[in-house]
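[1] the following comprises the amino acid sequence and a computationally predicted model.
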Amino acid sequence: MAISRNLNLTKTLIEAELNKFADYVAEPFLKSAINYALFPGKRLRAKLLLRCITNYNQDICEQALAAAAAIEVTHAFSLVHDDMPALDNADTRRGMHSFFKKFGEDNALLVGDLLQYLAQMHLKNYPELLALLITRAKDMVIGQLLETNRPAKNFKELENIQKLKTVSLFLLCGEIAASILKLPAAESQKLLASCYAFGQNLQWHDDIADILEDSPGTNALQFISQAELEAKILANDAIIDNSILQFN
């Protein structure tokens with residue numbers, strides 16, 4: 001069933017779909033915790049998926065919207081876990097207390113797990129899309145494990161960790177869109193390359209901002225120069241442009 005092709009309605013559609021996740025549980029505490037983990041958010045991954053659909057002059061359908069929300073919930077689970085003391089030990093997220101600071105480490109661990117399962121449940125009627133989600137969620141966790149246990153020693157290793165930890169969900173957007181649209185192999189690869197470029201470009205800019213905030217030395221400045229060059233190349237490669245950041 002087609003829902004809309006109007007990108008100005010996209011954020012509203014995504015938020016409405018995300019509001020369904022608290023309904024998966026009965027306990028008021030869990031409803032509150034799920035909503036705290038999910039709202040607010042930029043919804044970049046969900047927007048990217050829906051933009052991929054409309055980029056081919058197709059309407060946003062129910063399965064695309066369900067998948068967009070499932071990707072956002074998967075991303076949210078990763079943030080809940082990443083902020084915990086054992087990993088990034090971040091006290092704030094989006095200008096608010098991080099989840100573990102608000103609800104405790106025990107609840108952060110368990111609600112993060114719950115979010116991952118809910119994201120998968122949300123796609124139970126779309127087994128092909130569910131399989132894609134599970135594969136990329138696995139890659140994301142492997143990337144976090146590599147970053148934690150085997151930090152990058154050079155630019156190439158860092159790029160590989162980023163591809164797993166961060167870019168996996170952006171690649172997933174292209175994979176799901178290609179599956180829904182039934183794109184031929186060549187066109188699917190073109191779309192995936194664009195989603196990779198979009199996600200990696202954003203990651204390089206985040207890395208540059210982090211380094212500048214930490215008062216970079218000579219080595220860091222060399223990294224910034226290389227990252228800026230990579231970001232520029234990636235921006236030119238993307239057929240999905242950064243106007244996605246502006247639509248509502």
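    Received it, and whenever you're ready, just let me know what you need. Keep in mind that this is a model prediction, so the values were computed, not measured.
[2] surely Q203 touches L164?
    No - contact between Q203 and L164 fails when scored by Cβ atoms under 8 Å: they sit 11.3 Å apart. Glycine gets a C-beta too; all of them are placed from N, C-alpha and C.
[3] those two: which is more packed in?
    It is Q203, of Q203 and L164, that has more neighbours when counted by other Cβ atoms under 10 Å, with 22 against 19.
[4] and stretch 149-161, how far from the chain's centre?
    20 Å (Cα atoms, centre = their mean, to the nearest Å).
[5] should've said stretch 145-154
    20 Å.
[6] buried ones in it?
    By 16 or more other Cβ atoms under 10 Å, the buried positions in stretch 145-154 come out as 146-147.
[7] and stretch 69-76, by the same measure?
    Buried positions in stretch 69-76, judged by neighbour count with 16+ other Cβ under 10 Å: 69-76.
[8] what's the closest of those to A86?
    Proximity of these to A86 (Cβ to Cβ) peaks at A76, which lies at 18.2 Å.
[9] the helix or strand that closest one falls within packs against which elements?
    For A76, the element it lies in under DSSP states H and E is helix 62-82. In this structure, helix 62-82 makes packing contacts with helix 10-18, helix 28-38, helix 44-55, helix 99-103, helix 105-121, helix 127-149, helix 168-181, judged by 3 or more Cβ pairs under 8 Å, 6 or more residues apart in numbering; DSSP states H and E.
[10] turn those into a markdown table, columns for distance to L87 and mean pLDDT.
    As requested, those are arranged in a markdown table below (distance: least, Cβ to Cβ, whole Å; pLDDT from 0 to 100):
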| stretch | distance to L87 | mean pLDDT |
| --- | --- | --- |
| helix 10-18 | 24 | 92 |
| helix 28-38 | 16 | 98 |
| helix 44-55 | 20 | 92 |
| helix 99-103 | 10 | 98 |
| helix 105-121 | 11 | 98 |
| helix 127-149 | 7 | 96 |
| helix 168-181 | 17 | 97 |
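[11] any chance of those in CSV, with distance to P85 too?
    What follows is those, written out as CSV (distance: least, Cβ to Cβ, whole Å):
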stretch, distance to P85
helix 10-18, 27
helix 28-38, 17
helix 44-55, 26
helix 99-103, 7
helix 105-121, 7
helix 127-149, 13
helix 168-181, 24
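[12] just tell me which of these ends up closest to D83.
    Short answer: helix 99-103, nearest of the helices and strands packed on helix 62-82 by Cβ to Cβ, at 6.1 Å.
[13] now do that closest one: distance to the chain's middle.
    That offset, for helix 99-103, works out to 21 Å (Cα atoms, centre = their mean).
[14] ok, and what's touching it?
    Residues outside helix 99-103 that contact it (Cβ atoms under 8 Å, 6 or more residues apart in numbering): 33, 36-37, 79-80, 83-85, 91-93, 96, 107-108, 111-112.
[15] compare those residues and tell me which is most surrounded.
    Highest neighbour count within those, by other Cβ under 10 Å: V80, with 28 neighbours.
[16] measure it to I71 for me?
    15 Å (Cβ to Cβ, to the nearest Å).
[17] re the thing from before, now do the helix holding A76 against helix 105-121, angle only.
    Interaxial angle, helix 62-82 versus helix 105-121 (axes from the mean of the first three to the mean of the last three Cα atoms, to 10 degrees): 160 degrees.
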